[in-house]
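Chemist: Predicted model, plus sequence, below.
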Amino acid sequence: MDNVAPTRMQLLAHKAQIKFAADGVQLLEGKREALLKELIERAKELRNLRNQLHKMGRSAVATLAIARAVRGTADVRSAGVAARRELQLDVRTEKVWGLSLGAIDRHNIVRTQSQRGTGLLDVSSQVVEASDSSERMVEQLLVCAPKESNLLIIGEEVRKVSRRINALNEYLLPKLRGEMRTIARVLDEREREETFRLKRIKKKKADAKAAEAEGGAA
């Protein structure tokens, strides 16, 4: 308040600033509510996808163990070497409430046995099943990964918006309102003083006029 001049212009400016800040709080609260709704929906979706991923992981481990037990580690490793490849992934972003969220477009994650470099006659059914289970798990992992990252981004944005709301509600608005009350009080005091001063001047003029009238009569 030390740097704020107690003038009517400052009073009007503070009223405008308070309205602007209050409107900002309302907009931010709306954004936070929408982000929280988005966060909850995505969290539910991710929970279901994770549950599926865990099931696929257990299935992949089990089928791999069976393949090793039936065909031996060497055969399984040989099939793995033949099936080795680089994944074809396209990473893109999408805008949600101004946030850049990631997405992965996947291509041919789960392959046929011929696409893996071996035919059905070259490997056992146990190895084929282990390969299928592993690739399904990898595909599900690629579904979950960007969604988990996006969830963290949205959660961080919710925290940022909450901090801005708190700063406005707990610091800026109380400060502006306090300054406005002080300015209004000073202006009221000045107005009362000015009114009192004008009354005194008016009274002096009236007294002087009355005295002049009495002197003329004498």
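Modeler: In hand now; what should we look at?

Chemist: how far away is the residue nearest the centre of the chain from Gly24?
Modeler: Against the mean C-alpha coordinate of the chain, by CA atoms, centre = their mean, the closest residue is Glu157 at 2.0 Å. According to CB to CB, to the nearest Å, Glu157 and Gly24 sit 16 Å apart. Placement of C-beta: from N, CA and C, glycine included.

Chemist: Same question for Arg190.
Modeler: From Arg190 over to Gly24 (counting by CB to CB), the distance is 32 Å.

Chemist: which of these two has more neighbours?
Modeler: Gly24 (15 against 12; other CB atoms under 10 Å).

Chemist: Now the more buried one: closest residue in space that isn't a chain neighbour?
Modeler: Leu168 (6.2 Å; CB to CB, 6 or more residues apart in numbering).

Chemist: before we move on, what about Leu36?
Modeler: Using CB to CB, 6+ apart, the nearest residue to Leu36 is Val158, at 6.1 Å.

Chemist: Tell me the helix or strand right after the helix ranked longest in the chain.
Modeler: In terms of residue count, the longest helix belonging to the chain (DSSP state H) is helix 8-71. On the C-terminal side of helix 8-71, the closest following helix or strand by DSSP states H and E is helix 73-82.

Chemist: how about the following helix or strand past that next one: buried residues?
Modeler: Next helix or strand after helix 73-82 toward the C-terminus (DSSP H and E): strand 88-96. Across strand 88-96, burial judged by 16 or more other CB atoms under 10 Å covers Val96.

Chemist: again with stretch 68-86
Modeler: Here stretch 68-86 shows 68, 71, 75-76, 78-79, 83 as buried, counting by 16+ other CB under 10 Å.

Chemist: got it, and stretch 22-33?
Modeler: So stretch 22-33, judged by 16+ other CB under 10 Å, has buried residues 25, 28, 31-32.

Chemist: Arg197 versus Asp5, what's the distance?
Modeler: Heads up, residue 5 is Ala, not Asp. From Ala5 over to Arg197 (counting by CB to CB), the distance is 21 Å.

Chemist: and what of Lys205?
Modeler: With CB to CB as the criterion, Lys205 and Arg197 are 13 Å apart.

Chemist: So what's the gap between stretch 175-190 and the chain middle?
Modeler: 36 Å (CA atoms, centre = their mean, to the nearest Å).

Chemist: can you list contacts of that stretch?
Modeler: The contact list for stretch 175-190 (CB atoms under 8 Å, 6 or more residues apart in numbering) reads 1, 4, 6-8, 10-11, 14-15, 17-18, 21.

Chemist: next one: stretch 79-91
Modeler: 102-109, 111, 116-118, 123, 127, 131, 138, 142.

Chemist: CA-only coordinates of that stretch in CSV, if you can.
Modeler: Coordinates of the C-alpha atoms in stretch 79-91 are reproduced here as CSV (Å, rounded to 0.1, in the frame of the first residue of the first chain):
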residue,chain,number,x,y,z
ALA,A,79,13.7,-68.8,-32.6
GLY,A,80,14.2,-65.5,-30.7
VAL,A,81,17.3,-64.6,-32.8
ALA,A,82,15.4,-65.3,-36.0
ALA,A,83,12.5,-63.2,-35.0
ARG,A,84,14.6,-60.2,-33.9
ARG,A,85,13.5,-56.9,-35.5
GLU,A,86,13.1,-53.2,-35.0
LEU,A,87,9.6,-52.1,-34.0
GLN,A,88,7.8,-49.7,-36.4
LEU,A,89,6.4,-46.9,-34.2
ASP,A,90,5.0,-43.5,-35.0
VAL,A,91,5.0,-41.0,-32.1
